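K.L.:
need a 3D model of the following:
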Amino acid sequence: MKKIIMIMLVVLICINILACGSEKPQEATDSISIQDITEAMAETPVLLTSAGQSADFDIAKTLMDKTGIDYEGNATITAGQLNNQATLMVAVGGSSKGLGAAGIDADDELKRVTEVIAKAKEDGMTIIALHIGGEGRRGTLSDRFINAVLPESDYIIAVATGDTDGLMSNIAVNNGIPMAKVDTIGEVIGILTKTFK
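P.N.:
From the prediction side, this is the model:
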């Protein structure tokens, strides 16, 4: 009888050890398989706008200047102002300071961006989402814009430090959207150059 009790105790201890697990959890993005584009998929003319009025819009302008790709930048463009552009690029990242400076609250900005994207889709424009602010451009405010813009995009370009939780990678995979993840902002220039025909 004592042998049976001892065997049962050993079995229970083993079960508890297996249930608790002893390995460190993996990064959220380890198991996500994202796909990048294999050939150019966007055309000019390009309109670059903001979703969240962060400084990332100005950084995106600098990156575009370095590519030599012709574009128009307008951080607060409305749906009615779209005019025969072929590609809409959206610099995604919320900034309370930037919204305040533009005289827009987050709800109005979200409405504007949603309407611009809807019109771009209606006009057959290619939509490229840029999240280049890394971890510093995440949080409740920015995530509202990420969740509104990325699922509607045709291509996502993101700096990897902004996606350690896999939010953007999951959006890409779940919606069948190609995505490029880069380690540095500077690498975005090469990605953009390869993106345009």
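
K.L.:
from now on I want contacts and neighbour counts done on CA atoms only, so please keep to that.
P.N.:
Fine.

K.L.:
now the helices: where do they sit in this protein?
P.N.:
Along the chain, counting by DSSP state H, helices occupy 2-20, 56-67, 96-102, 106-122, 140-149, 167-175, 187-195.

K.L.:
redo these as CSV? Include mean pLDDT and mean neighbour count.
P.N.:
Listed next are the helices of the chain as CSV, based on pLDDT from 0 to 100; neighbours: other CA atoms under 10 Å:
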stretch, mean pLDDT, mean neighbour count
helix 2-20, 41, 11
helix 56-67, 98, 18
helix 96-102, 96, 14
helix 106-122, 98, 17
helix 140-149, 98, 18
helix 167-175, 97, 19
helix 187-195, 97, 17
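
K.L.:
and Gln85, which of the ones you listed is closest to it?
P.N.:
Gln85 sits nearest to helix 106-122 of all those, at 8.7 Å, using CA to CA.

K.L.:
what packs against the closest one?
P.N.:
Judged by 3 or more CA pairs under 8 Å, 6 or more residues apart in numbering; DSSP states H and E, helix 106-122 is in contact with strand 46-51, helix 96-102, strand 126-131, helix 140-149.

K.L.:
next, the angle from it to helix 140-149.
P.N.:
Orientation note: helix 106-122 sits at an angle of 20 degrees relative to helix 140-149 (axes from the mean of the first three to the mean of the last three CA atoms, to 10 degrees).

K.L.:
related to what we said a few turns ago, now the helices and strands packed on helix 106-122 in CSV, with distance to Lys181?
P.N.:
As requested, these are exported to CSV (distance: least, CA to CA, whole Å):
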stretch, distance to Lys181
strand 46-51, 19
helix 96-102, 25
strand 126-131, 10
helix 140-149, 15
